[in-house]
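Asks: Here is a sequence together with a model predicted from it:
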Amino acid sequence: HEHASSSTCRLVVLCAYDGTDFSGWQTQPHGTTIQDVLEARLCKLLGAAVQIAGSGRTDAGVHAHGQVFHFDIPSSHTTEAVDSVITRACSG
């Protein structure tokens, strides 16, 4: 965990995905992206809007292994709860 500010905690996540059914990593006006799915799942699980930032992008249909992204959450969340949320968000 890195500190983004005194009231938030920055989490860095390493992930892999099968991009077959997606329009790439980064949010786009048309099509479902990996970023869209992860943000929606994190929002639902954390009960607040979450914006993630990826370290790179992939095109439509491209898979990734070792993609890194980060997001900020209130520092009041415990490490165990956040680990559980990330696992559930990334596993679908």
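Replies: Cool, the structure landed.

Asks: any idea which residue sits dead centre in this protein?
Replies: Centroid check for the chain by C-alpha atoms, centre = their mean gives L38 as the closest residue, at 4.6 Å.

Asks: If I follow the layout properly, that residue ends up in contact with H70?
Replies: No - counting by C-beta atoms under 8 Å, L38 does not reach H70; the two are 11.5 Å apart. (Glycine included, C-beta is placed from N, CA and C.)

Asks: low-scoring stretches of this structure, by residue?
Replies: Within the chain, the stretches with pLDDT under 70 are 1-6, 78-79, 92.

Asks: now the helices: where do they sit in it?
Replies: With helices called from DSSP state H, the chain shows them at 34-46, 79-91.

Asks: okay, the ones you listed in a markdown table with distance to S7 next?
Replies: Formatted as a markdown table, these follow (distance: least, C-beta to C-beta, whole Å):
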| stretch | distance to S7 |
| --- | --- |
| helix 34-46 | 15 |
| helix 79-91 | 15 |
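
Asks: Which positions within stretch 32-50 qualify as buried?
Replies: Neighbour-count burial for stretch 32-50 flags T33, I34, Q35, D36, L38, E39, R41, L42, L45, L46, V50 (criterion: 16 or more other C-beta atoms under 10 Å).

Asks: Would you confirm that the last one contacts I73?
Replies: This points to V50. Yes - applying C-beta under 8 Å as the test, V50 and I73 come out as touching, 7.2 Å apart.

Asks: Check the buried residues of stretch 32-50 against H63 and report the nearest one.
Replies: I34 (10.3 Å; C-beta to C-beta).

Asks: Give me the distance between the closest residue in space to that closest one that isn't next to it in sequence and L14.
Replies: Excluding the flanking residues, the one nearest I34 by C-beta to C-beta, 6 or more residues apart in numbering is W25, at 4.9 Å. W25 sits 14 Å away from L14, going by C-beta to C-beta, to the nearest Å.

Asks: on that earlier part again, tell me the two of the buried residues of stretch 32-50 that are most distant?
Replies: T33 and L46 (19.5 Å).
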